[in-house]
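Colleague: Predicted model and sequence below, questions to follow.
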Amino acid sequence: MKRRNFIKGLCATSAIAVTAPSTLLAKDAPKGGNILTYDAAVAAITGGKAVTDSDKVKLTVPEIAENGAVVPVKVNVESAMTEAEHVKAIHVLSTKNGNARCADVMLTPLNGKGYFATRVKLGGTQDVVALVEMSDGAFLRAAKPVKVTIGGCG
Amino acid sequence: MKKVLLSLAFLSTMAMLQLNAGEQFAMSDADRAMYKEMLENNPAEIYVEEGGEILEEALGGEEALAKFLEVSEKDLPKYIAGFPRYIKKLGNVVGIDQVLQAMQVSQGKEKTKLKSGKMFSMLAYVKSLANDELINIDVEADEHIKASYALGKTTYMTARGGRGLSCNSCHSADIVGQVLRTQPLPDLGEVAVAGTWPAYRMTKSSLRTPQRRFQGCMKNALLKVIPIGSKEMIALEVYIATLAKAKNKKIAIPGLKR
Amino acid sequence: MAEARKSMIKIKPKKFKVGDTVKVDFIVIHPMDTGLKKDKKTGEIKPAHFIDNITFSLDGKPFTTMKVWETVSTNPYFSVNLKVPGKGKITVDYTDNTGEKNSKSKKLKPKG
């Protein structure tokens, strides 16, 4: 009993109680408007077309994010990036944020590679998804879970 | 007596926490690589660049700084890597930011506040001139820096505040690695606090200086905050610089921190 | 009234030839406020303020466009590749949800 109180008191504010992510999770978000949750966002992007999980889409995210407000995301899609065959767009989404969309990146053959990287906010532990549209109209996907920790002093 | 008991209870509790939390929160190699890569596109670099521009426009750039410090421009980087220093014409052991203020005074200009965005940027820029240099603070150089080191060590070791904690309570060699609030406590020499701050802090989305970081830590530990630019704060920087020097750490500004 | 935003374009590696594929990083200082957080000092909700569109062009011709949401981190960075066709100028034009428009350029200087 004494020990638990002691640890809480070690830092001026309790880490456990604080849940102030920089972006809300879907379950807490205001409804309506342009904000789409994951399934609706995917439908909006694909128009209902089939999406295939593919090894050609390499998604790199940390297993554990030190800070949910700054989560690095890297997408690499295997593609020759020619006029005939290239990545048309990389869509970065998250499965539980109130607004599931992070970025839509429209590439062209001049990019040379099907690559995009950025940093996103995650309202809590969830999957980051790379939804890729190829020039032939096919949709590919890769998803990875990210554990978001809220803690640390200072 | 009460304070001693609390400290002992704290130590035994930390020992208990270490068993599971250490593994649970240890960063994987892949994650570590990803966070290291973030240094290549650190938003703080924009502030460093800005600091260089302000220094140039407001004070005459590195050329003027080297002249003021009475060193050659070629020797300036190594000299910067030895701060805080006793500067004879200022009569005090000072940090780089205070040198910049003194320059402003000598040029008949208004002093930029130590606790201002402009000063943080200039400080980061000037310190970045020393990138890749080994931290070479010399605490035997004169009686003033010697005294500052002693004061810094005392400040680091003195238990105070509501919980009877000192910097050493969490950062001593035997405590280091144990987990507090999901984060393993760092060895301030090993992580080269003196070499990697000012840094971009992800939790603050901004450029933070080492002294402000110390203040943040003090607040969390329920220690009365020591003022920026004060004798004690500079002494603390001196002491902490020796910790990094002992581990042969280099200057790498701007850093990137949680 | 608004100052031009601070940003940086980085091309990696520093030395490259025509035909090489380089990495183009665009870093920008922008709050990317979601409109969900309170200002600590005033207690008022900070209105949503985030970059929403970015265009990367080479000598005026777009080669990458992006639609961005408030879920991207504060002071964000965006990274893509570019297969270097020759000497030129890379320009990044970006707008935010308040209609603010900004632009940053960097020369593309291949060696050989």
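Modeller: Right, received. Where do you want to start? Residues are numbered from 1 along each chain as shown, chains lettered A, B, ... in the order given.
Colleague: pLDDT score for the most centrally placed residue in chain C?
Modeller: In chain C, the residue lying closest to the centroid (C-alpha atoms, centre = their mean) is residue C:26, at 4.4 Å. Here, the pLDDT recorded for residue C:26 equals 98.
Colleague: Doesn't it belong to a strand?
Modeller: Yes - membership of residue C:26 in a strand is supported by DSSP: H, G, I helix; E, B strand; the rest coil.
Colleague: Which residue does the stretch 51-200 of chain B have closest to chain A?
Modeller: Residue of the stretch 51-200 of chain B nearest chain A, by C-beta to the nearest C-beta: residue B:182 (3.1 Å). C-betas here are computed from N, CA, C, even on glycine.
Colleague: So what's the residue count around the nearest residue to that residue once chain neighbours are set aside?
Modeller: Closest residue to residue B:182 apart from its sequence neighbours, by C-beta to C-beta, 6 or more residues apart in numbering or on different chains: residue A:151 at 3.1 Å. Residue A:151: 17 surrounding residues under other C-beta atoms under 10 Å in any protein chain shown.
Colleague: ok, which stretches of chain C are strands?
Modeller: C:7-12, C:21-28, C:51-58, C:61-68, C:77-83, C:88-96, C:101-108 (DSSP state E).
Colleague: what is residue A:51 paired to in the beta sheet?
Modeller: For residue A:51, the beta-bridge partners are residue A:139 (DSSP bridges).
Colleague: Can you show me the helices along the chain?
Modeller: The chain I'm using is chain A. A:2-10, A:38-46 (DSSP state H).
Colleague: hm, I was asking about chain B
Modeller: B:2-25, B:29-37, B:44-59, B:61-69, B:76-80, B:96-106, B:117-128, B:143-157, B:167-171, B:193-196, B:210-220, B:231-246.
Colleague: Pipe the ones you listed into TSV and attach mean neighbour count, distance to residue A:134 and mean pLDDT per row.
Modeller: As requested, the helices of chain B are exported to TSV (neighbours: other C-beta atoms under 10 Å in any protein chain shown; distance: least, C-beta to C-beta, whole Å; pLDDT from 0 to 100):
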stretch	mean neighbour count	distance to residue A:134	mean pLDDT
helix B:2-25	14	39	47
helix B:29-37	13	26	92
helix B:44-59	20	35	97
helix B:61-69	17	51	97
helix B:76-80	20	50	98
helix B:96-106	20	53	97
helix B:117-128	24	43	98
helix B:143-157	18	58	98
helix B:167-171	19	52	94
helix B:193-196	24	42	96
helix B:210-220	20	46	95
helix B:231-246	22	50	98
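Colleague: And those: which comes nearest residue A:142?
Modeller: Residue A:142 lies closest, by C-beta to C-beta, to one member of the helices of chain B: helix B:29-37, at 15.6 Å.
Colleague: Go through the helices of chain A and find the least confident stretch.
Modeller: helix A:2-10 (a mean of 41).
Colleague: Point out the residues in chain C that sit beside chain B.
Modeller: Counting by C-beta under 8 Å from any C-beta of the partner chain, chain C comes close to chain B at C:6-8, C:10, C:12, C:25, C:27-29, C:31, C:73-75, C:77, C:79.
Colleague: And the buried ones among these, selectable in PyMOL?
Modeller: Of those, the buried ones go into a single PyMOL selection, burial set by 16 or more other C-beta atoms under 10 Å in any protein chain shown:
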select buried, chain C and resi 6+7+8+10+25+27+28+29+31+73+74+75+77+79
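Colleague: how close does residue A:89 sit to residue A:38?
Modeller: Separation of residue A:89 from residue A:38 (C-beta to C-beta, to the nearest Å): 17 Å.
Colleague: Mind listing the residues bridging to the residue nearest to the centre of chain C?
Modeller: Assessed by DSSP bridges, residue C:26 has beta-bridge partners residue C:9, residue C:78.
Colleague: I'd say it and residue C:82 touch.
Modeller: No - assessed by C-beta atoms under 8 Å, residue C:26 is found out of contact with residue C:82, at 11.5 Å.
Colleague: What distance do you get for residue A:152 to residue B:209?
Modeller: Per C-beta to C-beta, residue A:152 is found 18 Å from residue B:209.
Colleague: What is the burial count for residue 38?
Modeller: If you meant another chain, say so; for now it's chain A. Residue A:38: 19 surrounding residues under other C-beta under 10 Å.
Colleague: please go with chain C instead
Modeller: Using other C-beta under 10 Å, residue C:38 is surrounded by 11 other residues.
Colleague: repeat for residue B:137
Modeller: For residue B:137, the count of nearby residues is 21 (other C-beta under 10 Å).
Colleague: residues touching it, list them.
Modeller: Listed by C-beta atoms under 8 Å, 6 or more residues apart in numbering or on different chains, the contact partners of residue B:137 are B:82-85, B:145, B:194, B:238, B:241-242, B:245.
Colleague: Equivalent analysis for residue A:48, please.
Modeller: By C-beta under 8 Å, 6+ apart, the contact set of residue A:48 is empty.
Colleague: So for residue A:32, what pLDDT did the model give?
Modeller: For residue A:32, the predicted pLDDT is 44.
Colleague: list the contacts for the residue in chain C that chain A sits nearest to?
Modeller: Using C-beta to the nearest C-beta, the closest approach of chain C to chain A is made by residue C:83 at 3.1 Å. With contact set as C-beta under 8 Å, 6+ apart, residue C:83 has these partners: A:81, A:109-113, C:19-21.
Colleague: looking at chain A, which helix or strand does the model trust least?
Modeller: Every helix and strand of chain A was ranked by mean pLDDT, DSSP states H and E. The lowest is helix A:2-10, at a mean of 41.
Colleague: quick one: residue A:147 and chain C, what's the gap?
Modeller: For residue A:147, the distance to chain C (C-beta to the nearest C-beta, to the nearest Å) stands at 17 Å.
Colleague: That residue against residue A:61, yeah?
Modeller: No - contact between residue A:147 and residue A:61 fails when scored by C-beta under 8 Å: they sit 10.3 Å apart.
Colleague: Of these two, give the one with the bigger neighbour count.
Modeller: Per other C-beta under 10 Å, whichever of residue A:147 and residue A:61 has more neighbours is residue A:61, with 23 against 13.
Colleague: Kindly format the C-alpha coordinates of stretch B:89-106 as PDB.
Modeller: These are the backbone C-alpha positions of stretch B:89-106, laid out as PDB (Å, rounded to 0.1, in the frame of the first residue of the first chain):
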ATOM      1  CA  LYS B  89      36.400  39.400 -19.000                       C
ATOM      2  CA  LEU B  90      33.000  38.300 -17.800                       C
ATOM      3  CA  GLY B  91      34.400  37.400 -14.400                       C
ATOM      4  CA  ASN B  92      32.200  34.300 -14.200                       C
ATOM      5  CA  VAL B  93      31.800  30.700 -15.200                       C
ATOM      6  CA  VAL B  94      29.200  31.000 -18.000                       C
ATOM      7  CA  GLY B  95      27.300  29.100 -20.600                       C
ATOM      8  CA  ILE B  96      27.300  29.900 -24.300                       C
ATOM      9  CA  ASP B  97      24.000  31.800 -24.100                       C
ATOM     10  CA  GLN B  98      25.500  34.200 -21.500                       C
ATOM     11  CA  VAL B  99      28.500  34.800 -23.700                       C
ATOM     12  CA  LEU B 100      26.000  35.800 -26.500                       C
ATOM     13  CA  GLN B 101      24.300  38.200 -24.100                       C
ATOM     14  CA  ALA B 102      27.700  39.700 -23.200                       C
ATOM     15  CA  MET B 103      28.400  40.200 -26.800                       C
ATOM     16  CA  GLN B 104      25.100  42.000 -27.300                       C
ATOM     17  CA  VAL B 105      26.000  44.300 -24.400                       C
ATOM     18  CA  SER B 106      29.500  44.900 -25.800                       C
END
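Colleague: List the buried residues for stretch C:86-105?
Modeller: For stretch C:86-105, burial by neighbour count (16+ other C-beta under 10 Å) applies to C:88, C:90-97, C:102, C:104.
Colleague: Can you list the low-confidence ranges for chain A?
Modeller: Scanning chain A for pLDDT under 70 picks out the ranges A:1-24, A:26-33, A:154.
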